[in-house]
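**Q** quick one: sequence and predicted model below, then my questions.
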Amino acid sequence: MRGSGGEPALSAHELVKHYPGGRNRPAVRALRGVSLDVRAGETYGIVGESGCGKSTLARLLVGLEPPTSGSVEIGGQPVDVGPKVDRRALARRIQLVFQDPFSSLDPRLRVEQALAEVLQVHGLHVERRDARVAELLDMVALGRRFADRYPHELSGGQAQRVAIARALAAEPQVLVLDEPTSALDVSVRAEIMNLLVRIQDELGLSYLFISHDLSMVRHISDDIAVMYLGLVVEAGRFDQVLDSPLHPYTRALADAVPVPDPEVEEARRDSSAPTAHSVFVEPAQGCPYSPRCPLVEPICREIAPVLLGTGDGHVVSCHVASRDFGAKLSA
Amino acid sequence: MSELATPVVTPEPMDAVNGEPAARHRTWFGTVWRSRNGRIGFILSALVVLGAIFGSLGVTPYPPDAQNFNASLKGISLAHVLGTDQFGRDVFSQILQALGVSLEIAGISVLIAGGIGTLGGIVAGFLGRWPSALIMRVTDVMFAIPAILLALAIVTALGPSIIDSSIAIGVGYIPIFVRVVRGPVLALREADFVRAGRVLGFSRSRLLFRHILPSVAGAVAVQTSLALAWAILAEASLSFLGLGPPPPTASLGEMVSESSSLASTAWWTLAGPSIAIIIAVIGFNFLGDGLRAAADPRSKTR
């Protein structure tokens, strides 16, 4: 599965989203030019803390909000995600699974009604709608007896399975998963993750997996992008980014993942740099991460870095990391 | 020393309600009936509506207008369960007929208020921007005027008749329906499940009629029931002031108004219609309370 080439299933080019300010609030630049390629049948993980623009990215890609600028391609064909988006057509190509399964399901519809409605809207499986609903439930490993349940009669994990089944009902090529396990009990997360992997294998779907939790992203992703304040600061294959992180922010994220060994954890906590300043402001110029960065140098406060490649697809946007890496290469 | 807690991996709750599947999903009526207020409200409202129907159809113990001077101002007896008035008319029969008039006016006015108000609330909530601003400002202005004062002004302008009274009372209650509907519609428009519907390619009308409106229907039902109670009161007030429909169509308010001078000599002529008003108001209020519970889908289970 990992490493298959070919046409990207989903491409975003320089997506920008600005929210205009009001009388008493400044304009927000939620996305400041994000590009990514999700390879067919693979999973592209996006990590970042809340407020970094990862959910905005998800909303733009599924046509919930028009981008300020930038373009999107699905399966090599450009798609209009602008204000005049054709939602019906877009729905068959890309779907979204929300973070909170309970709020994303209509509380008044039984499970089978929620699934059948998607089939009805898109005129799918007209002759064998009930059979298809049963298939969809099987696909997410829910028994038939869940068909006549209301959402409030389901557990979090069950409800998220229904939400996944409903997204699959539209038979999309790409599934955007916006923190699909964050609202769930820890004990249920692994089940959902395994389910997602199995569905991907069976259907050949491409995933864009969004999370603030590096360990979840690691579990499922082939490629990973790290976002900070509306920008991708580092991207590459999952092992490149996670095992040899270049950007100081990626390192801080990796250090924040708890290790299931109290002694290691204790030793690590003492040695790690205090990166989590409460400074979460965007500097007027220079690198957006510079106010929090432990490696900050004068140039970082002057000039914003750009994404530079290391030659094997691993890209990073950091003056210090690029220089060190360049020195290592020439040495 | 307390025992060390062993980490227990809780499995997802399996079919917690095995068996008795029939009891799992209650109907609206079942949920209303389950609450005490709902039960009382339903019984009282049903009595009021039945009485009104009988009264309108003329199915009364005595013809309501039949005068019998041999039996004037008779107290409560087996022959006349609520006594007779100064013309010897049977008070109970008159109440049934007046109930029909009162309920007709209340019903039409709530239909007007609910219809226009709900529509306005949907438009204001779903379309947003300037239609919303316009509707809400008009609503605010109407809210500033007490409903009964508005009704007085309108009925003075239109003149008294059943339909005019209904319009006068109904207009005053439009703003409440606008607000009751607009709030939830506004919130639901941005709800995740409506967003999910948009991502799934559902049309705007499907989202509005299949997903947003059913969630608002409960609130409208509650409001309708409460508005019926208010409308009966408002109609009684108008009639009491002599602005109700002209004779011979008597409403409960008119009966109270006419009999108030007899209160010291024949208390039953005042008590009958007054208690009828009280029963109707309490009945619809409690019914609204019961409906409030039924409007929540979570209450349909258990």
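**A** Yep, it's here.

**Q** which residues of the stretch 1-150 of chain A fall in helices?
**A** Ranges of helices within the stretch 1-150 of chain A are A:54-61, A:87-91, A:101-104, A:111-121, A:129-139, based on DSSP state H, counting those that start in this stretch.

**Q** the helix or strand that contains B:Gly51 packs against which elements?
**A** Element membership for B:Gly51 (DSSP states H and E) is helix B:36-57. Packing partners of helix B:36-57 (3 or more C-beta pairs under 8 Å, 6 or more residues apart in numbering or on different chains; DSSP states H and E): helix B:28-34, helix B:91-122, helix B:267-294. C-beta here means a position set from N, CA and C on the backbone, and glycine is covered the same way.

**Q** of those helices, flag the one that's most buried.
**A** Highest mean neighbour count among the helices and strands packed on helix B:36-57 (mean count of other C-beta atoms under 10 Å in any protein chain shown): helix B:91-122, with a mean of 24.

**Q** beyond that one, next helix or strand please.
**A** Next along from helix B:91-122, by DSSP H and E: helix B:129-144.

**Q** buried residues in that following helix?
**A** Of the residues in helix B:129-144, those buried by neighbour count under the rule 16 or more other C-beta atoms under 10 Å in any protein chain shown are B:132, B:135-136, B:139, B:142-143.

**Q** list the buried residues of the next helix or strand after that helix.
**A** Proceeding C-terminally, helix B:129-144 gives way to helix B:147-158 as the next helix or strand, assigned by DSSP H and E. If you call a residue buried by 16+ other C-beta under 10 Å, then helix B:147-158 has these buried ones: B:147-148, B:150-152, B:154-155.

**Q** go on, stretch A:41-58?
**A** Result for stretch A:41-58 [16+ other C-beta under 10 Å]: buried residues A:41-49, A:52-58.

**Q** distance of B:Val256 relative to B:Gly244?
**A** 11 Å (C-beta to C-beta, to the nearest Å).

**Q** and these two? which has more neighbours close in?
**A** B:Gly244 (28 against 23; other C-beta atoms under 10 Å in any protein chain shown).

**Q** centroid residue for chain B?
**A** Closest to where the C-alpha atoms of chain B average out (C-alpha atoms, centre = their mean) is B:Ser225, at 2.3 Å.

**Q** for chain A, what's its nearest residue on the stretch 101-250 of chain B.
**A** When scored by C-beta to the nearest C-beta, the stretch 101-250 of chain B has B:Gly201 as its residue closest to chain A, at 3.1 Å.

**Q** mind checking what secondary structure that residue has?
**A** Secondary structure, DSSP: H, G, I helix; E, B strand; the rest coil: B:Gly201 is coil.

**Q** wait, it touches A:Ile94, no?
**A** No: the pair B:Gly201 / A:Ile94 is not scored as a contact, 10.6 Å apart, by C-beta atoms under 8 Å.

**Q** how about the contacts made by the residue nearest to the centre of chain B?
**A** B:Ser225 makes contacts with B:41, B:45, B:284-285, B:287-288, B:291, as judged by C-beta atoms under 8 Å, 6 or more residues apart in numbering or on different chains.

**Q** secondary structure element for it?
**A** Using DSSP H and E, B:Ser225 falls within helix B:213-240.

**Q** got the angle for that helix vs helix B:147-158?
**A** Helix B:213-240 runs at 70 degrees relative to helix B:147-158, counting by axes from the mean of the first three to the mean of the last three C-alpha atoms, to 10 degrees.

**Q** tell me the angle the helix or strand following helix B:213-240 makes with helix B:267-294.
**A** Later in the chain than helix B:213-240, the nearest helix or strand by DSSP H and E is helix B:252-259. Here helix B:252-259 runs at an angle of 160 degrees relative to helix B:267-294 (the same axes, to 10 degrees).

**Q** give me the helices and strands touching helix B:252-259, please.
**A** helix B:91-122, helix B:213-240, helix B:267-294.

**Q** any chance of the ones you listed in a markdown table, plus distance to B:Leu57 and mean pLDDT?
**A** Output for those, formatted as a markdown table (distance: least, C-beta to C-beta, whole Å; pLDDT from 0 to 100):
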| stretch | distance to B:Leu57 | mean pLDDT |
| --- | --- | --- |
| helix B:91-122 | 8 | 91 |
| helix B:213-240 | 20 | 89 |
| helix B:267-294 | 17 | 88 |
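
**Q** please pull up the helix or strand immediately following the strand or helix carrying A:Glu202.
**A** Per DSSP H and E, A:Glu202 falls inside helix A:186-203. Where DSSP H and E defines the elements, the next helix or strand beyond helix A:186-203 is strand A:206-211.

**Q** the lowest-mean-pLDDT helix or strand in chain B near chain A anywhere?
**A** Least confident helix or strand, chain B: helix B:28-34 with a mean of 81, by mean pLDDT, DSSP states H and E. No: against chain A, helix B:28-34 shows no contacts by C-beta under 8 Å from any C-beta of the partner chain, the least distance being 12.3 Å.

**Q** which strands and helices lie in contact with that helix?
**A** Using 3+ C-beta pairs under 8 Å, 6+ apart, helix B:28-34 sits against helix B:36-57, helix B:267-294.

**Q** and A:Leu115, what does it touch?
**A** Per C-beta under 8 Å, 6+ apart, neighbours of A:Leu115: A:133, A:136-137, A:162, A:165-166, A:169.

**Q** give me the mean pLDDT for stretch B:200-208.
**A** Average pLDDT, stretch B:200-208: 91.

**Q** buried residues in that stretch?
**A** For stretch B:200-208, by 16+ other C-beta under 10 Å, it's B:200-202, B:206-208.

**Q** great, nothing more from me.
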